[in-house]
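> Below are the sequence and a predicted model for it; my questions follow.
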Amino acid sequence: MVELRPGDAVPGEFVVEHAGARCMDQRSDGACVALDPVTFLCTIYDERPQTCRDFTRGESLCRQILARQPPWPAS
């Protein structure tokens, strides 16, 4: 779950409170609610939280997370 920082302005329907903090919600499989399940693209890319902006795709943490996910569907 991504904790939202001051200044993060994501659509309200994606926000939940968790342990007293505003966070991006997740689907039951752990995927971010802003992730399109077909294209695997962020549906709020231009409005994504700072934590998501700071995350570098392909870095070690990213590869660890992707390794836990089911295989990507064939295009």
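Done, it's in.

> Could I get the phi/psi values of the residue positioned nearest the centre of the chain?
Taking CA atoms, centre = their mean, the centroid of the chain lies closest to residue 32, which sits 3.9 Å from it. Here is the backbone geometry of residue 32 (degrees, to the nearest 10): phi -60, psi 140.

> ok, and the closest non-adjacent residue to it?
Once flanking residues are discounted, residue 32 sits nearest to residue 24: 5.8 Å by CB to CB, 6 or more residues apart in numbering. Where you see a C-beta, it was placed from the backbone N, CA and C, and this is true even at glycine.

> For the chain, which segments count as strands?
15-18, 21-24 (DSSP state E).

> of the ones you listed, which approaches residue 3 most closely?
strand 21-24 (5.0 Å; CB to CB).

> Could you pull out the buried residues of the closest one?
Buried residues in strand 21-24, defined by neighbour count with 16 or more other CB atoms under 10 Å: 22, 23, 24.

> repeat for stretch 41-53
Neighbour counts over stretch 41-53 (16+ other CB under 10 Å) mark 44, 48, 49, 52 as buried.

> now the residues you listed as TSV including pLDDT and distance to residue 4?
Below are the buried residues of stretch 41-53 laid out as TSV (pLDDT from 0 to 100; distance: CB to CB, whole Å):
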residue	pLDDT	distance to residue 4
44	95	12
48	93	11
49	94	5
52	89	10
